[in-house]
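# Sequence first, then the predicted structure:
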There are 2 protein chains.
Amino acid sequence: MSAPHHYADRLHAAVRSKGTPALVGIDPRLKSLPAPVLDAATGPTELERFADAFERFGKGLIDAVADLVPAVKPQSAFFEELGPPGVAALSRVIAHARAAGLIVILDAKRGDIGSTAEAYARGLLGGVDPPRPDMADALTVNPFLGPDTLEPFVNVARERGAGLYVLCKTSNPLSGKYQDAELDGVSTTNRIAAHLDLICANSIGETGYGFVGAVVGATYPAELTDLRNAMPCVPLLVPGYGSQGGSAADVAGAFDEKCGERGGLGALINSSRAVNFAFSAEPFAAEFGPARWQEASAAAARAMVEDLRAIVR
Amino acid sequence: MSAPHHYADRLHAAVRSKGTPALVGIDPRLKSLPAPVLDAATGPTELERFADAFERFGKGLIDAVADLVPAVKPQSAFFEELGPPGVAALSRVIAHARAAGLIVILDAKRGDIGSTAEAYARGLLGGVDPPRPDMADALTVNPFLGPDTLEPFVNVARERGAGLYVLCKTSNPLSGKYQDAELDGVSTTNRIAAHLDLICANSIGETGYGFVGAVVGATYPAELTDLRNAMPCVPLLVPGYGSQGGSAADVAGAFDEKCGERGGLGALINSSRAVNFAFSAEPFAAEFGPARWQEASAAAARAMVEDLRAIVR
């Protein structure tokens, strides 16, 4: 059996094919779903009906953007909010995205020690051996417990040809309170970046990047530029663009000369709310509205792709 | 409708009733399950059969220790490893523990920002409104994204009469790499402790503790003592006793004069592997073996309770 294809190479083939580093989050927030999706949903219990709505919304969103973007990022929390039926819906949404040829990054921000971390990695990257064919391509990971706790995630991802995105500098207002703290003069954010760069330097694929990425928020553009330079072969996942306030100019720093010139390799820029719920916010609400929510999402994704063209050649 | 009963008061009623601060983890590791449990399991697919084994094991373990300890801590990672059937099994294990009168602490170490954090909190503390009656009593939380990201968890827990245990100093060898880093001369661990103490000072129940606890590992006994003193009204969850190497003497620092004298309030000492798989390790393997695994687990739980009697009066 040949080794599984390198995550960064699979990702970058998709980025080149679509010509954009735009990533669309799948965030089924119950109170924000379009009425037609809720109306069409069925199920023997209220939770199962909600889960059916989440599945319809997730699949519909995938269908709306599959031709436009290389990757999607389902947010596990919203599915987990519904309990077991929600988790089952998430699994079917992931399978749908994979079948549509999209790279799937499961945003679950897991972290734990030793064999517990290994259980999360196996479970969320395809389940017990052998992994399910509909496994997610990559998983977000919280490194707070320590660099030793990343190892099981890295080992499982390597073995499965999957990717990871490790929280490095998050997009929220008080992210610095713990992430900026220093040990021996090096901040936790920079220490994580150095650790990830070391892992990636030993696992570079054909497109020049390793399979262990970093999450760096668009809401801290100066740090984003510094971190891009500090870990040149680490793929980035950049949240905070769009609804959280980050602009194309703010995320430009995620693309250094190397990755910007190659059409936007090495970083994915995520937008969730602005694409998911475009039907209910201007400028798309007036034209489309709830009945045409998929068209609104496609229009918002197209607008994002256009917006990002200014920064990747 | 009256306010939900305060988490720490419910917990401490259970601790007093059982006369011990011993907490038993529920860690169904596939490769370690007793053969009779695996043999009895059924299901249309292999994953569903494994999930049935996890449910049988979890419920059997609960039955074995329910008269001996006040609380159990299911580890979400092992159930999630099996995908949706595993998550469904976890939900039934939680319900079984609640029905047995145990306090249930769901160890899921979630963390995210804003409304995403709120979705995790709602989902894992009973689901969307109204919460399921079989909700977990408390949830472990990863604070790495920042103190602002704890707020949604605290708000949901307060509203539901639930508890939280926030990672403060974890038990693994390299926990200090990020947790010991300092900002303005204060380590991240100490900053988290101060934040939790402030929240608890404003939410003290009848037994003298707040509902937002801290996870502090038994493997760092000196820090455990310091942290107990730094956050006197914060309930502690102490992993690392037993299989990870912590002894009763190592966890003595979790009980200050206040909580030690009151029979062991204010801290729970967790043991997972040594109780779960007592049938396959000495000193209980020779006497019981796989066929009598529940008796082995009960014997191991009794031994733990006895061991801890030396440090709580």
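Yep, it's here. The shown structure was predicted, so the numbers you read here are calculated from the model rather than taken from an experiment.
# Doesn't residue A:139 lie inside a strand?
Yes. Residue A:139 forms part of a strand when assessed by DSSP: H, G, I helix; E, B strand; the rest coil.
# from what I can see it touches residue A:153, true?
Yes. Between residue A:139 and residue A:153 there is a contact under Cβ atoms under 8 Å: 7.3 Å. All C-beta atoms are positioned from the backbone trio N, CA, C, and that covers glycine.
# anything in contact with each of the two?
A:110, A:121, A:164 (Cβ atoms under 8 Å, 6 or more residues apart in numbering or on different chains).
# Ramachandran angles for the last one?
In terms of degrees, to the nearest 10, the main-chain angles of residue A:164 are phi -130, psi 150.
# and it, how far is that from chain B?
When distance is defined by Cβ to the nearest Cβ, to the nearest Å, residue A:164 is 15 Å away from chain B.
# same question, the first one
Here the distance between residue A:110 and chain B works out to 7 Å (Cβ to the nearest Cβ).
# from what I can see that residue touches residue A:143, true?
No. Under the contact definition of Cβ under 8 Å, residue A:110 does not touch residue A:143, with a separation of 10.6 Å.
# Grab the nearest non-local neighbour of residue A:196.
Closest residue in space to residue A:196, ignoring its immediate chain neighbours: residue A:234 at 4.9 Å, by Cβ to Cβ, 6 or more residues apart in numbering or on different chains.
# and the one you found, what does it touch?
Applying Cβ under 8 Å, 6+ apart, the residues near residue A:234 are A:193, A:196-197, A:200, A:209-210, A:212-214.
# at 7 Å what do you get?
The contact partners of residue A:234, taken as Cβ atoms under 7 Å, 6 or more residues apart in numbering or on different chains, are A:196-197, A:200, A:210, A:212-214.
# Please flag which of the residues you listed sit within strands.
When DSSP state E defines the strands, the subset of the contacts of residue A:234 inside them is A:212-214.
# Show me which residues of the stretch 151-300 of chain A are close to chain B?
Contact residues, the stretch 151-300 of chain A versus chain B (Cβ under 7 Å from any Cβ of the partner chain): A:167, A:170, A:172-175, A:177-178, A:180-183, A:188, A:191.
# Going by contacts, tell me the helices and strands next to the longest helix seen in chain A.
What stands out as the longest helix in chain A, according to DSSP state H, is helix A:46-65. Here helix A:46-65 touches strand A:22-26, helix A:35-40, helix A:84-99, helix A:293-309, going by 3 or more Cβ pairs under 7 Å, 6 or more residues apart in numbering or on different chains; DSSP states H and E.
# Break down chain A into its helices, ranges please.
Under DSSP H, chain A gives helices at A:7-18, A:35-40, A:46-65, A:76-80, A:84-99, A:114-124, A:151-160, A:176-179, A:188-201, A:221-230, A:248-251, A:257-261, A:273-276, A:293-309.
# Look up the pLDDT of residue A:30 for me, please.
Note on residue A:30: pLDDT of 93.
# which ones are touching it?
Residue A:30 is in contact with A:50, B:128, counting by Cβ under 7 Å, 6+ apart.
# ok, 10 Å please
By Cβ atoms under 10 Å, 6 or more residues apart in numbering or on different chains, residue A:30 lies in contact with A:38, A:50, A:53-54, A:57, A:78, A:81-82, B:119, B:122, B:128.
# Which one of the residues you listed is nearest to residue A:67?
residue A:57 (18.4 Å; Cβ to Cβ).
# My guess is the closest one contacts residue A:89. True?
Yes. In terms of Cβ atoms under 10 Å, residue A:57 counts as a neighbour of residue A:89; the distance is 9.5 Å.
# joint contacts of these two?
Residues touching both residue A:57 and residue A:89 (Cβ under 10 Å, 6+ apart) are A:28, A:78.
# Give the full set of residues in contact with the closest residue to residue A:102 other than its chain neighbours.
Excluding its sequence neighbours, the residue lying closest to residue A:102 (Cβ to Cβ, 6+ apart) is residue A:72, at 5.2 Å. Contacts of residue A:72 were listed using Cβ under 10 Å, 6+ apart, and they are A:23-26, A:58, A:61-62, A:65-66, A:93-94, A:96-98, A:100, A:102-106, A:137, A:270, A:272, A:275.
# If burial is judged by neighbour count, which of these pass?
Buried residues within the contacts of residue A:72, counting neighbours by 16 or more other Cβ atoms under 10 Å in any protein chain shown: A:23-26, A:58, A:61-62, A:65-66, A:93-94, A:96-98, A:102-106, A:137, A:270, A:272, A:275.
# Might you list the low-confidence residue ranges for chain A?
For chain A, the stretches with pLDDT under 70 are A:1-4, A:313.
# Spit out the contact partners of the residue nearest the centre of it.
The residue lying closest to the centre of chain A (Cα atoms, centre = their mean) is residue A:73, at 4.0 Å. Contacts for residue A:73 (Cβ under 10 Å, 6+ apart) come out as A:23-27, A:97, A:103-107, A:136, A:138, A:140, A:165, A:237, A:239, A:268, A:270-272.
# run the last query once more with 6 Å
Applying Cβ atoms under 6 Å, 6 or more residues apart in numbering or on different chains to residue A:73 gives the contacts A:23, A:25, A:105, A:107, A:270.
# What of residue A:147?
Going by Cβ under 6 Å, 6+ apart, residue A:147 touches A:195, B:174, B:177.
# how about 8 Å then?
By Cβ under 8 Å, 6+ apart, the residues touching residue A:147 are A:192, A:195, B:174, B:177-178.
# Report the separation between residue A:266 and chain B.
Distance of residue A:266 to chain B, given as Cβ to the nearest Cβ: 24 Å.
# Roughly how far does that residue sit from residue A:171?
Distance of residue A:266 to residue A:171, computed by Cβ to Cβ, to the nearest Å: 19 Å.
# So these two - more neighbours on which side?
Set side by side, residue A:266 and residue A:171 show more neighbours around residue A:266, with 27 against 22, by other Cβ atoms under 10 Å in any protein chain shown.
# What about the more buried one? Give its phi and psi, please.
Reported as degrees, to the nearest 10, the phi and psi values for residue A:266 are phi 80, psi -10.
# Go ahead and confirm it touches residue A:205.
No. Applying Cβ under 8 Å, one finds residue A:266 not in contact with residue A:205, separated by 11.5 Å.
# Just give the nearest non-adjacent residue to residue A:69, would you?
residue A:22 (4.7 Å).
# what residues are up against the one you found?
The contact partners of residue A:22, by Cβ under 8 Å, 6+ apart, come to A:68-70, A:268-269, A:271, A:301, A:304-305, A:308.
# Which residue, neighbours along the chain excluded, lies closest to residue A:247?
residue A:241 (7.4 Å).
# Revised request: answer the last question for residue A:177.
In this structure, residue A:177 finds its nearest non-sequential neighbour in residue B:146, 5.0 Å apart by Cβ to Cβ, 6+ apart.
# quick one: residue A:107 from chain B, how far?
From residue A:107 to chain B the distance is 8 Å (Cβ to the nearest Cβ).
# How about residue A:134?
Using Cβ to the nearest Cβ, one gets 10 Å for the distance from residue A:134 to chain B.
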